[in-house]
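Have a look at this prediction, sequence included:
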Amino acid sequence: MTRRVAITGIGAVTPLGVGVDALIDRWSAGEAAIEDGLARCSDYDPKEHLSVKAARRADRFTQLSLVACGEALAQAGWDEGEPPVDPERTGCVMGTGIGGIETIETQLAVLHERGADAVSPLAVPMMMSNAAAGVVAMRHDLKGPCYGTVSACAAGAHAIGTGLRMVQHGDAEACLVGGAEAGITPLAQAAFEGMGATSPSGISRPFDARRDGFIMGEAGAALVLETEEAARERGAEILGYVIGYGATADAHHLTAPEPKGDGAARAIELCLADAEIGPDGLDWVNAHGTSTPLNDRSETEALKRALGDERAHELPVSSLKSAIGHTLGAAGAVEAVATVLALQRGVAPPTIGWEERDETCDLDYVPGDARPLPGNGRPLRAISNSFGFGGHNAVLALEAP
Amino acid sequence: MATANKDDIQERMTEALESFGADREQIKREADWESLDVDSLDLVELAQIVEEEYGVQMKEEDMKNMKTVGDAVDFVSERAKS
């Protein structure tokens, strides 16, 4: 029998604030943290969380990981003396889309202005996409399997799915999983703008007829996964469960999703099969919902294909990106954390700013206010979708405790 | 290029080591790298600063013989004069 995997800690640094409460309280209240077309973690000050040495040796994406992971591990009981799980049996998998791009840009300027000899010896360990996983493992002495996942905007979800399998199969007893991105830099902004992915109007309104692209966001988020059995044995509070994971590729186009949502639909189907539930076993969809014309249309198609037209129209579908923009490689992890919290509270937070129906986006996107999820005599469940440039699809199924 | 007075060199190195995260109070001539939590990556950065400020190259083999702040200050001071 497959080992059931519980979530015993969550952490997040997002544009809505530092900590998971700011994320769910403010999203549920319909507050967005987008200013001048960008969603920065402006409440995050490295001095409040990291030593001088730790901060100067970590690109911002690694810093956001460190803070989110610290929150998640503390909640799971890692910060009270002896670690609750053997360090050699604890894994660490952190996703990112781009990695240390701020470091790359800064050091490229040094190279051009002052020559090769002036390039920092910290450049490589700060820019590498696996830096977050490695640095977090060092900080908390996690000595099991440890690496990064790299799949653009699906990286955070892939990290969680990978950690889920690691724990299910016994490669580790516990795994710290998550994602981080800090890509609001001149090069990344110019590049996303150049390909027409970001919103010229500076508004994130997923699934709305007027949507015109995504808003760049930054964030870090983390979850502690361990077997339900071990969590119960040591008396840890169980915040929820990861009950399913499905991952596919579109094999279609560098950036555009397959228009009928084929790859995404298959990922949803695989996820539900893995969770051993049908479309009726779901109560909510935490959508990828980027606010780009293509994603929101093909994701809607995918939901209808995978869940059936009728069920897809019944389920509330929310996009967190309406509140914090698109946090790229962090998105899957931030959204999984938000899903855990929403299921705990029994609410579907709103897709903020949704007003105008698009004929190709005809589901219930939870406009206006957060809505209570009706109980039905079993734990609430949701899927969280993540899709990345390159055609990567990863879907997670989560369940309330 | 800065003047190569020993006190100036020590002050410049103290600034650099402090920016790496070492505690200013502990940065003394006799302090060794380990006590200041200064590792090989920090030493490469220190060498870059020294070369830029004083035109003195601190190579890897030179740094092997430098155990303390004072060793590094003396090394730079001797070469900056010649």
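Okay, I see it.

For the residue of chain B found nearest chain A, give me its contacts.
For chain B and chain A, the shortest gap (CB to the nearest CB) falls at residue B:21, measuring 2.8 Å. In short, each C-beta sits where N, CA and C put it, glycine included. Each residue near residue B:21 by CB atoms under 8 Å, 6 or more residues apart in numbering or on different chains is listed here: A:51, A:52, A:53, A:54, A:56, B:37.

Let's see that with 7 Å instead.
Listed by CB atoms under 7 Å, 6 or more residues apart in numbering or on different chains, the contact set of residue B:21 reads A:51, A:52, A:53, A:56, B:37.

Tell me how far it lies from residue A:56.
7 Å (CB to CB, to the nearest Å).

picking up where we left off before, can you redo the contacts of residue B:21 as TSV with neighbour count?
Below are the contacts of residue B:21 laid out as TSV (neighbours: other CB atoms under 10 Å in any protein chain shown):
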residue	neighbour count
A:51	12
A:52	15
A:53	16
A:56	17
B:37	15
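
residue contacts, residue A:161?
Residue A:161 makes contacts with A:245, A:247, A:394, A:396, as judged by CB under 7 Å, 6+ apart.

how about low-confidence regions in chain A?
A:1 (pLDDT under 70).

Can you give me the domain assignment for it?
Recorded structural domains for chain A (assignment: automatic domain parsing) are A:5-240, A:244-399.

could you turn stretch A:217-237 into PDB, dropping everything but the C-alphas?
Provided in PDB are the C-alpha atoms of stretch A:217-237 (Å, rounded to 0.1, in the frame of the first residue of the first chain):
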ATOM      1  CA  GLY A 217       5.800  38.500  -9.100                       C
ATOM      2  CA  GLU A 218       8.400  37.100  -6.700                       C
ATOM      3  CA  ALA A 219       7.900  34.700  -3.800                       C
ATOM      4  CA  GLY A 220       9.200  31.700  -1.900                       C
ATOM      5  CA  ALA A 221       7.100  28.900  -0.400                       C
ATOM      6  CA  ALA A 222       7.700  25.600   1.300                       C
ATOM      7  CA  LEU A 223       6.000  22.600   2.800                       C
ATOM      8  CA  VAL A 224       7.200  19.800   5.000                       C
ATOM      9  CA  LEU A 225       6.000  16.400   3.800                       C
ATOM     10  CA  GLU A 226       6.200  13.200   5.900                       C
ATOM     11  CA  THR A 227       4.300  10.000   6.300                       C
ATOM     12  CA  GLU A 228       1.100  10.300   8.100                       C
ATOM     13  CA  GLU A 229       2.100   7.400  10.300                       C
ATOM     14  CA  ALA A 230       5.300   9.200  11.400                       C
ATOM     15  CA  ALA A 231       3.600  12.500  11.900                       C
ATOM     16  CA  ARG A 232       0.900  10.900  14.100                       C
ATOM     17  CA  GLU A 233       3.500   8.900  16.000                       C
ATOM     18  CA  ARG A 234       5.400  12.000  17.000                       C
ATOM     19  CA  GLY A 235       2.200  14.000  17.700                       C
ATOM     20  CA  ALA A 236       2.800  16.600  14.900                       C
ATOM     21  CA  GLU A 237      -0.100  18.700  13.800                       C
END
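
What parts of the stretch 51-200 of chain A come near chain B?
By CB under 7 Å from any CB of the partner chain, the part of the stretch 51-200 of chain A that sits against chain B consists of A:51, A:52, A:53, A:56, A:117, A:118, A:120, A:121, A:122.

Name the nearest of the residues you listed relative to chain B.
residue A:53 (2.8 Å).

Was I right to think the closest one contacts residue B:20?
Yes: the criterion here is CB atoms under 7 Å, and residue A:53 meets it with residue B:20 at 6.5 Å.

residue in the stretch 251-400 of chain A nearest to chain B?
For the stretch 251-400 of chain A, CB to the nearest CB, closest residue to chain B: residue A:329, 25.5 Å.

tell me the phi and psi of that residue?
phi -70, psi -20 (degrees, to the nearest 10).

and it, how many residues sit next to it?
Using other CB atoms under 10 Å in any protein chain shown, residue A:329 has 36 neighbouring residues.

And residue A:315, by the same measure?
Counted with other CB under 10 Å, the neighbours of residue A:315 add up to 20.
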